[in-house]
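Student: here is a sequence with its predicted model. Questions after.
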Amino acid sequence: MSEEQTFIDALNRRMAARDAAEPTWVAARRQAASARFEAVGFPTRRDEAWKYTDTRSIARGTFVQADNAEFSPAAAAALTLPLDAIRLTFVDGVFSAALSDLDALPAGATVETLSQALESNHEAVGAVLGRLAGVDFSPFAALNTAFAEEGAIIRLAPGTVVETPILLQFLSREGDQPTMCHPRVLIEAGARSEATVIEHYVGETDAKNFTNVITEVLLDRGAIVQHYKLQEAPVGDMHIASVHVDQGRDSRFTSFNLNLGGALVRNDIVADLNAEGAETQYFGLFFAQGRQHVDNHTLVNHNAPRTYSQESYKGILDDRARGVFNGKVIVKRDSQQIEAYQNNANLLLSDRAEIDTKPELEIYADDVKCSHGATTGQLDEEAIYALRTRGIDEQTARGLLTLAFAGEVMEQVKHDAIAQRVELAVAGKLPERFNLAGLVEAAVALGEEG
């Protein structure tokens with residue numbers, strides 16, 4: 001039996017058990033996605049886009065789909081972000097009403113599960129879902145389309161401003177058999193609307209599950225969306241994700257892609273700047289240790305003139321961890337007067353850690369301002385010595401300098417609850433007298449002294 005056949009058989013069993021009332025277009029898309037996945041199979045290292053990432057641990061896994069969302073409220077509280085939020089919670093992909101809270105949702109904004117949206121107005125969902133992330137994007141996109149049963153639909157009416165963050169919380173449980181889930185997230189932001197959406201992936205320490213999520217974001221004229229993805233899944237989990245963005249005139253999209261957990265992680269982020277004045281910013285930080293593997297692929301398509309993009313990704317790798325960064329910016333023909341900046345910097349804390357980085361520019365216009373770059377280095381031993389002469393032990397000194405390295409990305413994070421999770425993972429428990437802003441200033445001063 002092929003590795004793909006295990007998943008296809010699971011899909012067929014699931015489809016046979018589904019309610020016959022499922023909309024015909026949903027069933028048709030599942031069938032088409034299943035056929036696509038069966039035809040192409042899992043990506044291998046012979047595929048250029050996956051040359052550094054081995055997916056056999058997923059392909060050879062035996063995963064089941066969860067049928068309940070039982071999770072201790074106390075355990076959930078210990079894992080969740082301590083912030084006021086409009087909250088939807090999923091446990092191994094199953095919606096948990098008990099762990100969700102939509103009370104702060106203002107007029108003009110709708111937040112509901114995918115299953116609820118399909119039940120209430122499936123035609124409206126079908127007109128948009130899958131527009132940006134089709135089954136041809138990747139084998140995992142086909143797999144998601146075939147299996148997706150749950151997720152979140154967020155709609156903002158024109159002019160709606162949601163001041164409270166919308167938190168989509170995905171909890172992973174430890175169980176007798178590993179589970180898989182294929183969430184689908186859709187964000188439709190009307191003209192001049194504004195919101196912050198946080199996707200948070202976290203779970204029980206010994207969980208070894210598989211999450212395969214797709215997020216689609218459509219921004220109308222002047223819409224502003226800040227999208228945070230905090231991935232601190234258990235170190236036994238496999239995590240595949242892609243974010244696809246369609247930007248209208250004068251829209252603003254900001255991505256914070258923060259990766260701390262997972263055994264095997266792959267992120268794809270694609271933004272299409274389709275009208276003048278559209279701006280996108282990517283801020284990324286990936287921290288891996290042990291034998292963790294984190295692969296980030298980003299793409300910005302400047303499809304219209306007078307558009308802007310900026311990208312800053314930082315990688316921190318320890319032990320035998322491996323990181324991948326492939327960032328690509330494409331300036332289409334006649335997309336004049338655009339600005340596009342891209343940078344990837346990496347810090348190796350071990351001689352056995354490895355990074356593969358490839359920033360790319362493809363420019364088919366002549367009136368542009370574009371740059372890209374990549375650097376890889378280690379901690380400055382002189383800076384460590386300087387901190388130790390000030391009474392700081394070596395472990396703390398290394399933690400402080402590692403955190404300072406991440407400062408360019410972390411100073412953009414607006415939510416303390418998120419920043420604190422990252423700081424604790426990267427630098428450990430630090431003395432209270434140190435904070436990120438002060439640390440960056442100290443690091444700069446050390447550089448000037450040197």
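Tutor: Everything's here; your move.
Student: what residue lies at the spatial centre of the chain?
Tutor: Closest to where the C-alpha atoms of the chain average out (Cα atoms, centre = their mean) is K229, at 4.5 Å.
Student: grab the nearest non-local neighbour of that one.
Tutor: Distance criterion Cβ to Cβ, 6 or more residues apart in numbering; nearest residue to K229, sequence neighbours excluded, is E199 at 4.7 Å. The C-beta positions use only the backbone N, C-alpha and C, and glycine is treated the same way.
Student: and for Y341?
Tutor: Q310 (4.9 Å).
Student: ditto for G134
Tutor: Distances taken as Cβ to Cβ, 6+ apart put A141 closest to G134, at 6.9 Å, once the chain neighbours are dropped.
Student: just checking, that neighbour is part of a strand?
Tutor: No - remark: A141 does not belong to a strand; assigned using DSSP: H, G, I helix; E, B strand; the rest coil, it is helix.
Student: V243 versus that one, what's the distance?
Tutor: Applying Cβ to Cβ, to the nearest Å, the value for A141 to V243 is 12 Å.
Student: report the contact partners of A49.
Tutor: Residues in contact with A49 (Cβ atoms under 8 Å, 6 or more residues apart in numbering) are 43, 138, 297, 326.
Student: what separation do you get for the residue of the chain most remote from its centre and A397?
Tutor: The outermost residue of the chain, judged against the average C-alpha position, is T389 (39.7 Å), by Cα atoms, centre = their mean. T389 sits 10 Å away from A397, going by Cβ to Cβ.
Student: same thing with N344?
Tutor: From N344 to A397 the distance is 25 Å (Cβ to Cβ).
Student: of these two, who's got more company?
Tutor: N344 (25 against 19; other Cβ atoms under 10 Å).
Student: other SSEs contacting the one helix or strand the more buried one maps to?
Tutor: In the assignment (DSSP states H and E), N344 maps to strand 338-348. If you count contacts as 3 or more Cβ pairs under 8 Å, 6 or more residues apart in numbering; DSSP states H and E, strand 338-348 packs onto strand 293-302, strand 308-317, strand 322-331, strand 354-363, strand 368-377, helix 394-405.
Student: so what touches stretch 353-360?
Tutor: In contact with stretch 353-360 (Cβ under 8 Å, 6+ apart) are residues 52, 288, 315, 317-329, 342-344, 346, 348, 372-374, 376.
Student: which parts of it are buried?
Tutor: 353-355, 357, 359 (16 or more other Cβ atoms under 10 Å).
Student: what is the nearest of these to G61?
Tutor: E354 (24.1 Å; Cβ to Cβ).
Student: H372 - how many residues pack around it?
Tutor: With other Cβ under 10 Å as criterion, H372 counts 17.
Student: what pLDDT does it get?
Tutor: In this prediction, H372 carries a pLDDT score of 93.
Student: how much space between it and E4?
Tutor: Taken as Cβ to Cβ, the span from H372 to E4 is 36 Å.
Student: same question, V94
Tutor: 25 Å.
Student: more neighbours, those two?
Tutor: V94 (21 against 18).
Student: can you give me how far stretch 167-186 is from the chain middle?
Tutor: 14 Å (Cα atoms, centre = their mean, to the nearest Å).
Student: report the contact partners of I86.
Tutor: I86 touches 101-105, 111, 162, 164-167, counting by Cβ under 8 Å, 6+ apart.
Student: pretty sure the residue nearest to K229 sits against I154.
Tutor: No - contact between E199 and I154 fails when scored by Cβ atoms under 8 Å: they sit 11.1 Å apart.
Student: so what sits against both of these two?
Tutor: Counting by Cβ under 8 Å, 6+ apart, the residues touching both E199 and I154 are V185.
Student: residues contacting the closest residue to E362 other than its chain neighbours?
Tutor: Closest residue to E362 apart from its sequence neighbours, by Cβ to Cβ, 6+ apart: I330 at 4.6 Å. By Cβ under 8 Å, 6+ apart, the residues touching I330 are 299-302, 362, 364.
Student: same deal with Y385?
Tutor: Contacts of Y385 by Cβ under 8 Å, 6+ apart: none found.
Student: give me the element A75 is part of.
Tutor: Per DSSP H and E: helix 73-79 holds A75.
Student: name the residues that touch that helix?
Tutor: Applying Cβ under 8 Å, 6+ apart, the set of residues contacting helix 73-79 is 89, 98-99, 171, 202-204.
Student: pLDDT of the very next helix or strand once past that helix, averaged?
Tutor: Counting by DSSP H and E, the next helix or strand C-terminal to helix 73-79 is strand 86-91. If you average the pLDDT over strand 86-91, you get 98.
Student: and for stretch 58-66?
Tutor: 94.
Student: please indicate which of the contacts of I86 are buried?
Tutor: Looks like the contacts of I86 have 111, 162, 164-167 buried, using 16+ other Cβ under 10 Å.
Student: which members of the residues you listed occur in strands, if any?
Tutor: By the criterion of DSSP state E, membership of the buried ones among the contacts of I86 in strands covers 111, 166-167.
Student: any chance of the residues you listed in JSON lines, plus pLDDT and distance to L258?
Tutor: Formatted as JSON lines, those follow (pLDDT from 0 to 100; distance: Cβ to Cβ, whole Å):
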{"residue": "V111", "pLDDT": "98", "distance to L258": "22"}
{"residue": "I166", "pLDDT": "98", "distance to L258": "17"}
{"residue": "L167", "pLDDT": "98", "distance to L258": "14"}
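Student: tally of neighbours for Q177?
Tutor: 10.
Student: can you tell me how far it is from L132?
Tutor: 33 Å.
Student: now swap in A233 and tell me
Tutor: Distance from A233 to L132, by Cβ to Cβ: 24 Å.
Student: who has more neighbours out of these two?
Tutor: Per other Cβ under 10 Å, whichever of A233 and L132 has more neighbours is A233, with 24 against 20.
Student: distance of the more buried one from V135?
Tutor: Counting by Cβ to Cβ, the gap from A233 to V135 is 25 Å.
Student: tell me how many other residues crowd the residue nearest to K229.
Tutor: 22.
Student: hey, what's L186 bridged with?
Tutor: Per DSSP bridges, the residues bridged to L186 are I153, E216.
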